[in-house]
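1. can't give you the sequence, but here's the structure:
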Ligand code: NIG
Ligand code: FE
């Protein structure tokens, strides 16, 4: 059975204790069979029968569970570097959106893009993400906003899940914004989402989650409730983009509809924190979006203190977060979100797995879990986050196979 030996610092990240408890082991080894971990412990205790096959050497470095990016908008047409330059000069994300840019400009490009083009582009991103230690990616639709263009995006994710090694989890985000052809008929678009898109997504089994952008400028809490309850009735688990720009009760709604996660949350209320903690909703921080839109960062400490598990993700998209660098998002969560490196590590592994309901098989290094892990060129999480640099992942294993 394959083994990984000579692990200087193994962050197992098992789901016990507080956010900062990563349950480390020194001088450790891991043994696995096919895609499943069979044994984890001190190398000196490694049973001989496990060391008879392929031996990988971690060279005394740190090994962490494969990183999980639990919030991305992976497939989209075009890019929006012009908006980046405008924001740097003082135009706000909302002003740009109101002037016809923003999400709608990517909707135009995504509708034009052929399915194969979206597939090729997204598959290049995945090849780069795995080099950072990422092993599972959640991917949202939401730049199609017609029945056919939403299904097109979700089919791209399904093909990617079949054709390449990284784990993929699909989320339907038809309620991302109101498309131009419905600008004077919100109700008409909401009805389209509820009575045509959700049933089609469910019928073809194209997504597991249904997300929504709950915000004054997008969908109200009342509209969000209707859409998410319809999704739930069709078998999709709710997720929300909530309380990003205004405190509008998105977190409270996430708790009410038993969402897997509520994401962004920069403006979350104390009541929202309490409701999420009670309902066990994971809070997902997306610091790259705050960085690129020059908005407030989420004070993650408030959530941790309030009993909410905090996951960290990139929000990779062509507008508010044009980077898929999850370790960078983790470092920002330390510096701006005020979590310790150990806390963000749990946020990008076991709690990220919870945000996509995969904690039964992903997110930690223990017997029975999927053999997904990354070797990091650092002696421990503190050093990794402190001496941040792009290229410090030395190897990524997915389902027991070494991909890089
Ligand atoms: O998660 N908040 C809404 N959606 C994206 C932004 C998408 C875009 O700008 O294209 C987000 O930040
Ligand atoms: Fe997003």
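-> Great, that's in hand. Values in this document were obtained by computation on a predicted structure and should not be read as measured data. Ligands and ions are numbered 1, 2, ... in the order given.

2. ranges for the helices of the stretch 201-350 of the chain?
-> 221-233, 250-256, 270-279, 287-293, 300-305, 326-335, 341-347, 350-355 (DSSP state H, counting those that start in this stretch).

3. right, and the ones you listed - which one's nearest ligand 1?
-> Closest of the helices of the stretch 201-350 of the chain to ligand 1 is helix 287-293, at 4.7 Å (criterion: CB to the nearest ligand atom). Placement of C-beta: from N, CA and C, glycine included.

4. Tell me how many other residues surround the closest residue to ligand 1 within the chain.
-> Nearest residue of the chain to ligand 1 (CB to the nearest ligand atom) works out as residue 319 at 2.4 Å. Other residues within reach of residue 319, judged by other CB atoms under 10 Å, total 25.

5. Please list the residues of the chain that sit near ligand 1.
-> Contact residues, the chain versus ligand 1 (CB under 6 Å from any ligand atom): 102, 103, 106, 213, 241, 289, 315, 317, 318, 319, 320, 321.

6. about what we covered before: what would the helices of the stretch 201-350 of the chain look like in JSON lines with mean pLDDT and mean neighbour count?
-> Shown next, in JSON lines, are the helices of the stretch 201-350 of the chain (pLDDT from 0 to 100; neighbours: other CB atoms under 10 Å):
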{"stretch": "helix 221-233", "mean pLDDT": "98", "mean neighbour count": "19"}
{"stretch": "helix 250-256", "mean pLDDT": "98", "mean neighbour count": "25"}
{"stretch": "helix 270-279", "mean pLDDT": "98", "mean neighbour count": "18"}
{"stretch": "helix 287-293", "mean pLDDT": "97", "mean neighbour count": "22"}
{"stretch": "helix 300-305", "mean pLDDT": "98", "mean neighbour count": "19"}
{"stretch": "helix 326-335", "mean pLDDT": "98", "mean neighbour count": "23"}
{"stretch": "helix 341-347", "mean pLDDT": "98", "mean neighbour count": "27"}
{"stretch": "helix 350-355", "mean pLDDT": "99", "mean neighbour count": "28"}
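
7. Relative to residue 35, which of the ones you listed is closest?
-> helix 350-355 (15.4 Å; CB to CB).

8. For the residue nearest to residue 133 when sequence neighbours are not counted, which residues are in contact?
-> Counting by CB to CB, 6 or more residues apart in numbering, residue 133 lies nearest to residue 374, which is 3.3 Å off, once chain neighbours are set aside. Contacts for residue 374 (CB atoms under 8 Å, 6 or more residues apart in numbering) come out as 63, 64, 65, 66, 67, 133, 135, 393, 395, 396, 397.

9. rerun at 10 Å
-> Contacts for residue 374 (CB atoms under 10 Å, 6 or more residues apart in numbering) come out as 62-67, 130-135, 327, 349, 392-398, 404.

10. Check residue 223 too.
-> Going by CB under 10 Å, 6+ apart, the list of residues near residue 223 reads 175, 178, 186, 187, 189, 190, 193, 212, 214.
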